[in-house]
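Peer 1: Sequence and computational prediction follow.
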Amino acid sequence: MAITKHRQKILEVLQKWFQTSEQGPTLEELCQLLGMHPRQKATVQRWLQTMRGIDVEWEAHSARSLRLFISELEEDSVQIPVTETLRYLATGLVEWERKSKEARSHVPEALRIGMSRMYLTALLHGGEAPGNLPELLEKVEEPVIDWLPKASAIKNLSPDVTLLEEGLVSDFAQHWQVDGKGVVEQVQESVMQDVLGHCRKLQLDDAYRGFRYSVVTRPTLSYTEYRRMLATPMFHHLREYLRQTYVELKSLAEHNIYYLCPRCQYPQKRRSDGTYRCRNVFCERLCAGSNPPLLPLPPISKTEAHDWMVVTPGMHKYVTLPGLWEMFLYKSLTRQGVKVTLWPQIDEYDLLVELPRKVCWAIDVKDWTHLRLDRLKQVQYRLDMDETFVVFPDQREHLLRLNVVRNEYEAELAGVRLVLMNELIEKVKEIMRSRNHA
């Protein structure tokens with residue numbers, strides 16, 4: 001966000017004020033702190049109104065209720081989450097160990113990123129970072145808590161765990177690594193798993209649902225909205241995760257103008273010929289084939305870009321895009337008069353559908369390009385539900401061939417049923433028609 005001269009000055013004087021006082025200043029006192037005459041308090045109040053809900057808040061008709069959000073929300077101007085650094089290092093070490101001895105002189109990408117983050121953390125907070133691979137390998141034989149800055153912030157971290165044990169990758173490192181291609185995106189998406197574990201531990205059902213809903217429906221938002229989100233009481237326990245999830249728009253790429261995908265609302269990628277397309281090819285195809293056509297969203301200019309935040313590419317790929325199908329099904333079913341709950345019991349499954357006569361369905365939505373029985377078997381039939389469905393977008397049918405292989409797969413799934421999205425919607429419509437007719 002562009003920090004105006006007035007906003008910056010107000011923040012500076014308030015930070016100094018709250019270092020020695022628990023109560024906020026009055027308007028008259030704030031005028032004096034700003035070097036202004038007390039009769040200019042109406043001007044100061046107008047400035048405060050532009051900052052309300054973002055940087056400051058107060059109670060109406062209460063003289064000393066002014067409080068500052070920024071002291072709670074911004075410890076450092078640059079945040080380098082220690083959990084992400086640990087994941088890069090663990091993933092890189094696992095990849096390094098899998099290499100032949102002749103190839104181990106080549107540093108894996110994840111390990112290189114982890115070392116770079118250690119170096120930057122050392123610059124910001126003091127301390128030393130290993131300058132090469134041999135130094136790092138020597139360091140990671142020691143307890144993590146002793147050499148990784150801010151490791152103490154990781155909850156339930158044993159003081160004895162190491163990443164290497166007698167030259168071999170430890171079980172602890174195996175636990176912290178991420179699998180699959182695109183290690184950066186995998187690490188970015190792992191924040192969602194941290195949020196899930198944190199919310200389950202503290203039973204933060206509404207906070208989890210609100211966090212995931214924001215990532216799906218607001219992958220691009222203004223800095224003002226972002227600050228308000230951080231200040232929302234519901235997200236009190238998730239602020240650090242929000243900081244890891246949303247980054248400045250300019251961090252994706254430097255463009256003169258940013259166009260948002262009309263479907264997923266995420267900044268599009270610039271082609272070599274100067275045109276733009278969604279970063280996800282399938283999303284781009286859905287936009288092109290939409291009926292009615294999706295209207296373009298207002299672009300964001302280069303000068304406005306500093307006022308906008310976006311979720312990381314990993315969160316967009318693994319949370320926003322699949323979540324759009326969950327939202328589509330949620331809206332389609334609620335329009336039929338059915339009660340639907342998103343991510344019930346802190347994401348035990350994707351949707352809980354409550355039908356007439358106390359009939360309940362558990363639904364997992366999968367945006368897959370091919371069916372694999374081992375992955376399908378990970379969806380457990382829920383004994384507390386009348387039906388358990390795995391639902392796929394109709395637009396994937398030409399790849400899945402569900403109508404051909406459905407009976408073969410369902411025979412192996414102990415009651416879990418496989419359906420296309422529109423098939424499920426039609427089932428609900430028929431049930432609701434029967435109820436209305438009765």
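Peer 2: Sure thing, it's come through. Residues are numbered from 1 along each chain as shown.
Peer 1: pLDDT score for the closest residue to residue 232 other than its chain neighbours?
Peer 2: Distances taken as C-beta to C-beta, 6 or more residues apart in numbering put residue 210 closest to residue 232, at 7.9 Å, once the chain neighbours are dropped. To be clear about C-beta, it is placed using only N, CA and C from the backbone, and glycine gets the same treatment. Taken from the predicted model, the pLDDT recorded for residue 210 is 97.
Peer 1: Contact partners for residue 210?
Peer 2: 232, 234, 235 (C-beta atoms under 8 Å, 6 or more residues apart in numbering).
Peer 1: next one: residue 316
Peer 2: Contacts for residue 316 (C-beta under 8 Å, 6+ apart) come out as 219, 264, 266, 279, 310.
Peer 1: The fourth one reaches residue 265, doesn't it?
Peer 2: Think residue 279. No - no contact is recorded between residue 279 and residue 265 when judged using C-beta atoms under 8 Å, the distance being 11.9 Å.
Peer 1: how close does the spatially closest residue to residue 218 that is not a sequence neighbour get to residue 16?
Peer 2: Taking C-beta to C-beta, 6+ apart, and ignoring the residues beside it in sequence, residue 218 has residue 225 as its nearest neighbour in space, at 7.2 Å. Distance of residue 225 to residue 16, computed by C-beta to C-beta, to the nearest Å: 28 Å.
Peer 1: more crowded one of the two?
Peer 2: In this view residue 225 and residue 16 are compared by other C-beta atoms under 10 Å, and residue 225 has more residues nearby, 17 against 11.
Peer 1: what about that one, distance to residue 242?
Peer 2: For residue 225 relative to residue 242 (C-beta to C-beta), the value is 12 Å.
Peer 1: ditto for residue 264
Peer 2: Spatial separation of residue 264 from residue 242 under the definition C-beta to C-beta is 19 Å.
Peer 1: higher neighbour count, the two?
Peer 2: Taking residue 264 and residue 242 together and counting by other C-beta under 10 Å, residue 264 has the greater number of neighbours (24 against 21).
Peer 1: Wait, a helix at the more buried one?
Peer 2: No - counting by DSSP: H, G, I helix; E, B strand; the rest coil, residue 264 falls outside a helix, being coil.
Peer 1: which SS class is the residue nearest to residue 218?
Peer 2: Secondary structure state of residue 225, per three-state DSSP, is helix.
Peer 1: Once you drop chain neighbours, what's closest to residue 386?
Peer 2: Across the structure, with C-beta to C-beta, 6+ apart as the measure, the residue nearest residue 386 apart from its sequence neighbours is residue 359 (5.0 Å).
Peer 1: my read: that neighbour touches residue 385, true?
Peer 2: No - under the criterion of C-beta under 8 Å, residue 359 is not in contact with residue 385, lying 9.1 Å apart.
Peer 1: Noted, bye for now.
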